[in-house]
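Peer 1: just to be clear, the model below is a prediction. Sequence and coordinates:
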Amino acid sequence: MTAQFTDLCLISKDVLNLVNFYEKLFDVNASEKSEYHSSVNIGGLSLTIDAADIADGDSVFSYVNCKSSDNTIICFNVDDVDTEYTRVLALGAVTLNEPTTHTWGARSFQFRDPDGNILNFRTISKGAK
């Protein structure tokens, strides 16, 4: 089998609010933007955001019963975690912790987007294992 990773899709009850957050967070513009389906490219990652009720009326395929989960974290390498932490706070995001340097050399913090999805910003220092 040959497979190609294409994008990460988030399901949201408020697509425009979520895409606006990601546009501000990463200083990018969405390539597609509507209340039902939006797409934004972040450093090579295509992030798609679909409305929870996009398939309303389709008995075969529906997002309505999807539940959010805390078992997935979307991770991004950034130049300076401490600078990004200050910027994320200014955006009003809920942070889960402060920047921490780990024993393997990476420095990171986690926060939630407006829908509660967990994001991880990290800086990997030179010589980190």
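Peer 2: Okay, I see it. Numbers count the residues shown, from 1 in each chain.

Peer 1: show me where the protein has its strands.
Peer 2: 8-12, 37-42, 45-51, 73-77, 94-95, 100-101, 106-112, 118-124 (DSSP state E).

Peer 1: in JSON lines: those, plus distance to residue 2 and mean pLDDT.
Peer 2: Where you see a C-beta, it was placed from the backbone N, CA and C, and this is true even at glycine. Shown next, in JSON lines, are the strands of the chain (distance: least, Cβ to Cβ, whole Å; pLDDT from 0 to 100):
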{"stretch": "strand 8-12", "distance to residue 2": "20", "mean pLDDT": "89"}
{"stretch": "strand 37-42", "distance to residue 2": "23", "mean pLDDT": "94"}
{"stretch": "strand 45-51", "distance to residue 2": "19", "mean pLDDT": "90"}
{"stretch": "strand 73-77", "distance to residue 2": "25", "mean pLDDT": "93"}
{"stretch": "strand 94-95", "distance to residue 2": "40", "mean pLDDT": "94"}
{"stretch": "strand 100-101", "distance to residue 2": "39", "mean pLDDT": "94"}
{"stretch": "strand 106-112", "distance to residue 2": "32", "mean pLDDT": "94"}
{"stretch": "strand 118-124", "distance to residue 2": "30", "mean pLDDT": "93"}
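
Peer 1: pop the domain breakdown of the chain in here.
Peer 2: According to automatic domain parsing, the chain is divided into the following domains: 6-55, 72-129.

Peer 1: the residue nearest to residue 6 when sequence neighbours are not counted pairs with what?
Peer 2: The shortest distance from residue 6 to any residue other than its chain neighbours is 6.6 Å, reached at residue 46 (Cβ to Cβ, 6 or more residues apart in numbering). Counting by DSSP bridges, residue 46 forms beta bridges with residue 41.
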